[in-house]
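Participant: return atomic coordinates for the entry below.
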Amino acid sequence: MIIKTERLTLRPFKLSDLDSTHAYAGDPTNTEYMLHLPNRSKDGSERFLRWAIEEWKNDEQRVYEFAIILSGEHIGAVSMGLKDDKKTGEIGWIICRDYQGKGFATEAAKAIMDYAFDWLEVEKVVAHCDYRNAASVRIMEKIGMILERDDLMRRYKNSDEDMQELMYSIRKPTYLQWPTSLADS
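Facilitator: The predicted model follows:
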């Protein structure tokens with residue numbers, strides 16, 4: 001499965017993505033607001049890659065992890081995880097620091113959200129973020145999501161402190177069926 005946008009290619013991960021994955025997933029500054037990151041060693045990033053690759057082979061696939069490729073360079077990741085009912089998906093993204101602020105996360109998130117609505121037949125997409133993560137809030141708003149909850153809490157790995165979490169969501173767009181002629185009205 002490959003998704004192409006105006007500037008990006010979204011494709012399943014490969015083991016050859018290890019160095020580029022670890023470049024963003026192992027960077028404490030880049031992963032400041034990520035629940036399960038940073039990966040302290042390349043082994044953690046490799047375990048993630050092996051899991052993501054195997055998930056694509058699963059007949060009951062629940063998580064769709066894509067590498068974000070810009071002009072042949074791996075710059076981040078975007079994912080869609082299906083909830084138990086398979087009618088709700090949860091979107092997430094991460095972009096290497098050098099490529100942040102250029103609209104790549106927004107472009108990738110929009111593409112995977114459309115994929116979830118059109119091909120995975122989800123009815124609702126949600127996203128969560130730390131309330132301090134203004135960049136993720138902007139992305140969620142740019143792709144049409146609205147704030148659904150601001151009363152959630154999250155705890156980061158290796159922390160004993162709870163932080164406020166926001167949940168944004170969007171429902172599958174529905175289009176009005178307009179009459180094709182005046183006789184239909």
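
Participant: all helices of the protein, in order?
Facilitator: Under the criterion DSSP state H, helices of the chain are mapped to 18-25, 42-57, 104-118, 134-142.

Participant: in TSV, list the ones you listed along with mean neighbour count, mean pLDDT and distance to residue 149.
Facilitator: Glycine gets a C-beta too; all of them are placed from N, C-alpha and C. Shown next, in TSV, are those (neighbours: other Cβ atoms under 10 Å; pLDDT from 0 to 100; distance: least, Cβ to Cβ, whole Å):
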stretch	mean neighbour count	mean pLDDT	distance to residue 149
helix 18-25	20	93	27
helix 42-57	15	94	27
helix 104-118	21	95	19
helix 134-142	17	94	13
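
Participant: with distance to residue 128 as added columns, please give those in TSV.
Facilitator: Below are those laid out as TSV (distance: least, Cβ to Cβ, whole Å):
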stretch	distance to residue 128
helix 18-25	18
helix 42-57	19
helix 104-118	13
helix 134-142	9
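
Participant: please name whichever of those is nearest to residue 93.
Facilitator: Closest to residue 93 of those is helix 104-118 (Cβ to Cβ; 4.9 Å).

Participant: CA atoms only: put the closest one into CSV for me.
Facilitator: Taking Å, rounded to 0.1, in the frame of the first residue of the first chain, the C-alpha atoms of helix 104-118 are listed here in CSV:
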residue,chain,number,x,y,z
PHE,A,104,4.5,17.8,6.0
ALA,A,105,2.7,16.4,9.0
THR,A,106,-0.5,18.1,8.0
GLU,A,107,-0.2,16.7,4.5
ALA,A,108,0.5,13.1,5.7
ALA,A,109,-2.2,13.3,8.4
LYS,A,110,-4.8,14.4,5.9
ALA,A,111,-3.8,11.7,3.4
ILE,A,112,-4.0,8.9,6.0
MET,A,113,-7.3,10.2,7.4
ASP,A,114,-8.8,10.1,3.9
TYR,A,115,-7.4,6.6,3.5
ALA,A,116,-9.2,5.6,6.7
PHE,A,117,-12.5,7.0,5.7
ASP,A,118,-12.4,5.8,2.1
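
Participant: which other helices and strands contact it?
Facilitator: strand 3-4, strand 8-12, strand 63-70, strand 73-82, strand 88-95, strand 124-130, helix 134-142 (3 or more Cβ pairs under 8 Å, 6 or more residues apart in numbering; DSSP states H and E).

Participant: residue 162 is nearest to which of the ones you listed?
Facilitator: strand 124-130 (10.9 Å).

Participant: returning to that earlier point: how about the helices and strands packed on helix 104-118, which one is nearest residue 161?
Facilitator: Closest of the helices and strands packed on helix 104-118 to residue 161 is strand 124-130, at 11.6 Å (criterion: Cβ to Cβ).
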